[in-house]
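> Quick one, what's the 3D model for this:
(chains A and B)
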Amino acid sequence: MEQKEIIRIEGLTKRFSGKNGEVVALENIDLSVNEGEIFGIIGLSGAGKSTLVRCINLLERPTAGRVFVNGQELSSLSDKELRLARRGIGMIFQQFNLLMQSTALDNICFPLLLAGVNKKEAEKRALELLEIVGLSDKKNAYPAQLSGGQKQRIAIARALANEPKVLLCDEATSALDPTTTRSILSLLKEINERLGITIIVITHEMRVVEEICSRVAILDASHVVELGSVQEIFRKPKTAAARRLLFPGKENGAAVGIGERLLRIVFDGMTPFEPVIANMVLACGAPVNIMFANTRAIEGKTVGQMIVQLPESEEAVSRIEAYLNTQNITFEEVKEDVL
Amino acid sequence: MFSKEMLKLFLEGTAETFYMVLVSTLAAYLIGLPLGVVLVVSEKDGIRPMPGLNRILGILINLLRSAPFLILLVALTPVTRAIVGTSLGSTATIVPLVIGSAPFIARMVESSIKEVDAGVIEAAQSMGASPMQIVMRVMLPEAKPSLTVGAAIAITTILGYSAMAGFVGGGGLGTIAVNYGVYRYQTDVMLFTLALLVLIVQAFQEVGMRIANRIDKRKK
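Residues are numbered from 1 along each chain as shown, chains lettered A, B, ... in the order given. Have a look, this model is predicted:
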C-alpha cells in the first residue's frame, strides 16, 4: 500500500524564555506521520511531548522549523487561514476541557457553531456523534454529571464534529483508570479504522502505545531518540530512554542477582512462551533464574519478553546462546539497570 | 415617627434609591463589562495580546479606584452639571455612581473571567475559534455564575455609594438619613433608614447568590 504523508515536521525547535533564561523544549525535530496510521509520541514528563503536539496545530508557535499538515504549511498561514486549517485537526486533552456550563449536546455543537453551521444542522450532526461514542442517552447531561470516561467520549465526539483528517490526543487517557483507558483506546482505534482519521497519541505510558499505535517516536530531553514500528522498538530498544519506558517496574525484582549477567529474551508471537525456557534448560543442562517476564498484545499479536539471570559458568552461557540461536529467538545481553 | 408624611418620605426615598442603584449598575456594567473583557484579552499571554493598551487601562482604572467615592462625588460636580444640568437629586447622582463604580466592576469582571479554565480556552482555539468567538461563546458563558456573584457585590457597593451621596443632596434613603438623622438629631429616623438599607443589601446579596447557584452547572 502506498503510504501518503499527512503530517511533516521539519527541523522543529521550540524555546521558551522563562525567568531563568531560555529553556529549550524541543530541538531540531524531524517527523512524518502517514495518512491513516495511529502514531505514538512517548516520553517521560518534561520530555517536550505536549509542546510537540501543540506545535502540530500551532497552539504553540515554533521558534524555528516548519510544520505541514494536509499539505499546508501551517506556520506560513495568516491567523484567519490558520483558524480555518485548525478545523481539520481535532484535539482531545487530558483534562477533557469541556464547556462546564453547557450540556453534552451543546459541547458537541460548539465547534460546528464556530464554523458557522446553523443550530438545527449542528444538533443533527451532534446526535449522530453521540451515537458513535455511545452516549446518546447523555445528551442533556452537564459535564459535572459525567464520569471521566464519559467526558472524554464527549470530547472525542466534539473533536470529530468538523470531520477532521487528524486527531491529536494529548495524554487523553492519563486521567483515567485502566479499564476506562482501554475502552477509550478501543474507541480511538475504531474511529481510526471506520473513519480513516490519522491519530497522534501523546503519552507517557508504554501500554497505551502498545495497545493502539503502529509506529512510535520516543522523545527524550527535547529530541526524538528513537523512531520505528512499535514491534521493532519493543524487540530491540536501542536507547536507555526506550528501555526505561519498556520496564516501568524497575523496583521489582532488583533485589536478586545484582551484578550478574542478564539476558533479555523476546518472544515475537511466532514461538510459544513456556516450552522455550523449559526446553532450553533441559537441552543445556543449566538452570536460569527468571527475573522479569511479561506479555503484551501489539497489533493483535501476543509478544512477550523475559529477563533471565544466566548461570555462572561461561560454558553454560554459550550453550544457552547457541540454543536460542538455533531456535531463531531474539535475545540480547542487558545490564542490571534495566530492571 | 410613622406619620403619613414620614411613610410617604420613606417610600419615596426607597423608590429613589432603587432607581439610582439599578440605573447606575446597568450603566456601570455597560462600561465595566467590556472594559473587564479587554483587560483579560489584551494581557501579555491573553488571546489577543495588546500590552500597551492593557497597561494604560490598568493605570487608568487604578487611578479612578484610588479616589475615595465621597471625594470623587464632589470633584465630579462640574461633570455632573454638564451632563444632567444639576448636581442635586437622584438622577444627578447617577453620573458619579457610574464613573465611580465602572472601574471597580471592570476589575470584578476581569477576575471572574480569569477563573475560566485555560484548558477550555485552549480547546476552543484548537477548534479554530476567533478571539471574539472565545469571548462570546466561552469566556462569558463559562464565567456566568461568577459574574452573577460579582453583580450582587457590585450592586450592594453601589447602594452604599448612593447613600453617601446623601451628604451632597443626592436623593434617596441616604438624603433622608442625613437630613433627619444628622442635621435634626432624629436618631430614630436615621436608624430606620439604616435598617431599610440593611434589608435591601441583604435582599440583593441573597437573590444574587441564589441565582448564581441555580445557574452554575458545575454542581451536580
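> CA only for contacts and neighbour counts going forward, please
OK.
> Residues of chain B that sit close to chain A?
B:117, B:119-120, B:122-130, B:133, B:138, B:141-142, B:216-220 (Cα under 8 Å from any Cα of the partner chain).
> Restricted to helices, list these.
B:119-120, B:122-126, B:133, B:141-142 (DSSP state H).
> Quick one: mean pLDDT for the lengthiest helix in chain B?
The helix spanning the most residues in chain B, taking DSSP H as the definition, is helix B:4-41. When pLDDT is averaged over helix B:4-41, the result is 95.
> what's the angle from the helix or strand following it to helix B:4-41?
Once helix B:4-41 ends, the next helix or strand along the chain (criterion: DSSP states H and E) is helix B:51-66. Angle between the axes of helix B:51-66 and helix B:4-41 is 160 degrees (criterion: axes from the mean of the first three to the mean of the last three Cα atoms, to 10 degrees).
> Name the residues of helix B:51-66 that are buried.
Of the residues in helix B:51-66, B:51, B:54, B:57-58, B:61, B:64-65 count as buried by neighbour count, 16 or more other Cα atoms under 10 Å in any protein chain shown.
> Of those, which is the nearest to chain A?
Distance to chain A, by Cα to the nearest Cα, is smallest for B:P51 among the buried residues of helix B:51-66, at 17.4 Å.
> tell me what the strand or helix carrying A:R264 is packed against?
Secondary-structure element containing A:R264, defined by DSSP H and E: strand A:262-267. Applying 3 or more Cα pairs under 8 Å, 6 or more residues apart in numbering or on different chains; DSSP states H and E, one finds that strand A:262-267 contacts strand A:301-309, strand A:330-334.
> now it: mean pLDDT?
For strand A:262-267, the mean confidence score works out to 83.
> who does it pair up with?
If you go by DSSP bridges, strand A:262-267 pairs up with strand A:301-309 (antiparallel), strand A:330-334 (antiparallel).
> ChimeraX command to pick out the buried ones of the residues of chain B next to chain A?
ChimeraX command restricting the residues of chain B next to chain A to the buried ones, with burial defined by 16+ other Cα under 10 Å:
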select /B:117,119,120,122,123,124,125,126,127,128,129,130,138,141,142,216,217,218
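> how deep is residue 20 tucked in, by neighbour count?
As the question left the chain open, I've gone with chain A. The local packing of A:N20 (other Cα atoms under 10 Å in any protein chain shown) involves 6 other residues.
> that's the wrong chain, I meant chain B
Counted with other Cα under 10 Å, B:M20 comes out at 26.
> mind checking pLDDT for the closest residue to chain A within chain B?
Using Cα to the nearest Cα, the closest approach of chain B to chain A is made by B:G128 at 4.0 Å. Looking at B:G128, its pLDDT is 96.
> Also A:S318?
83.
> helix/strand/coil for it?
helix (DSSP: H, G, I helix; E, B strand; the rest coil).
> by contact count, what packs against the helix or strand harbouring A:R244?
Secondary structure assignment for A:R244, by DSSP H and E: helix A:240-246. In terms of contacts (3+ Cα pairs under 8 Å, 6+ apart), helix A:240-246 is packed against strand A:215-220.
> Hey, what's the angle from whichever helix or strand comes after the strand it packs on to strand A:215-220? Just curious.
Downstream of strand A:215-220, the first helix or strand assigned by DSSP H and E is strand A:223-229. With the same axes, to 10 degrees applied, the angle from strand A:223-229 to strand A:215-220 works out at 160 degrees.
> Now strand A:223-229: buried residues?
Buried, per 16+ other Cα under 10 Å, within strand A:223-229: A:223-227.
> same check, this time on stretch A:187-201
Going by neighbour count (16+ other Cα under 10 Å), the buried part of stretch A:187-201 is A:187-189, A:191-192, A:197-201.
> Not counting its own residues, what contacts it?
A:34-41, A:133, A:164-172, A:209, A:212-213 (Cα atoms under 8 Å, 6 or more residues apart in numbering or on different chains).
> Strands along chain A, start to end?
A:5-18, A:21-34, A:38-42, A:64-69, A:72-73, A:89-92, A:166-170, A:198-203, A:215-220, A:223-229, A:262-267, A:289-298, A:301-309, A:330-334 (DSSP state E).
> Can you tell me which of those strands is most buried?
For these, the largest average neighbour count (mean count of other Cα atoms under 10 Å in any protein chain shown) is found in strand A:89-92, namely a mean of 28.
> And the average pLDDT for that one is what?
98.
> what residues are up against the residue in the stretch 51-200 of chain A that chain B sits nearest to?
Closest to chain B within the stretch 51-200 of chain A is A:R83: 4.0 Å, counting by Cα to the nearest Cα. A:R83 makes contacts with B:125, B:127-130, as judged by Cα under 8 Å, 6+ apart.
> for these, which one is nearest B:L7?
Distances from B:L7 to those, taken as Cα to Cα, are shortest for B:S130 (55.7 Å).
> any idea how far the closest one lies from A:R83?
As judged by Cα to Cα, to the nearest Å, B:S130 and A:R83 stand 7 Å apart.
> Farthest-apart pair in the contacts of A:R83, please.
The widest separation within these (Cα to Cα) is 9.4 Å, between B:M127 and B:S130.
> can you count the residues close to the closest residue to A:P164 other than its chain neighbours?
Nearest non-adjacent residue to A:P164, counting by Cα to Cα, 6 or more residues apart in numbering or on different chains: A:G88, 4.1 Å away. Close neighbours of A:G88, defined as other Cα under 10 Å, add up to 23.
> pretty sure A:G88 is touching A:N162, no?
Yes. Contact status for A:G88 versus A:N162: in contact at 6.9 Å, counting by Cα atoms under 8 Å.
> mind exporting stretch B:163-178 as PDB, just the C-alpha atoms?
Output in PDB follows, covering the C-alpha atoms of stretch B:163-178 (Å, rounded to 0.1, in the frame of the first residue of the first chain):
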ATOM      1  CA  ALA B 163     -26.200  56.500  50.500                       C
ATOM      2  CA  MET B 164     -23.000  58.500  50.800                       C
ATOM      3  CA  ALA B 165     -24.400  60.800  48.100                       C
ATOM      4  CA  GLY B 166     -27.000  61.900  50.700                       C
ATOM      5  CA  PHE B 167     -24.400  64.300  52.100                       C
ATOM      6  CA  VAL B 168     -24.400  66.300  48.900                       C
ATOM      7  CA  GLY B 169     -28.100  66.200  48.300                       C
ATOM      8  CA  GLY B 170     -28.000  63.000  46.200                       C
ATOM      9  CA  GLY B 171     -31.600  61.900  47.000                       C
ATOM     10  CA  GLY B 172     -32.800  58.600  48.100                       C
ATOM     11  CA  LEU B 173     -32.600  57.000  51.600                       C
ATOM     12  CA  GLY B 174     -29.100  58.500  52.200                       C
ATOM     13  CA  THR B 175     -30.500  62.000  52.000                       C
ATOM     14  CA  ILE B 176     -33.300  61.100  54.500                       C
ATOM     15  CA  ALA B 177     -30.700  59.700  56.900                       C
ATOM     16  CA  VAL B 178     -28.500  62.800  56.600                       C
END
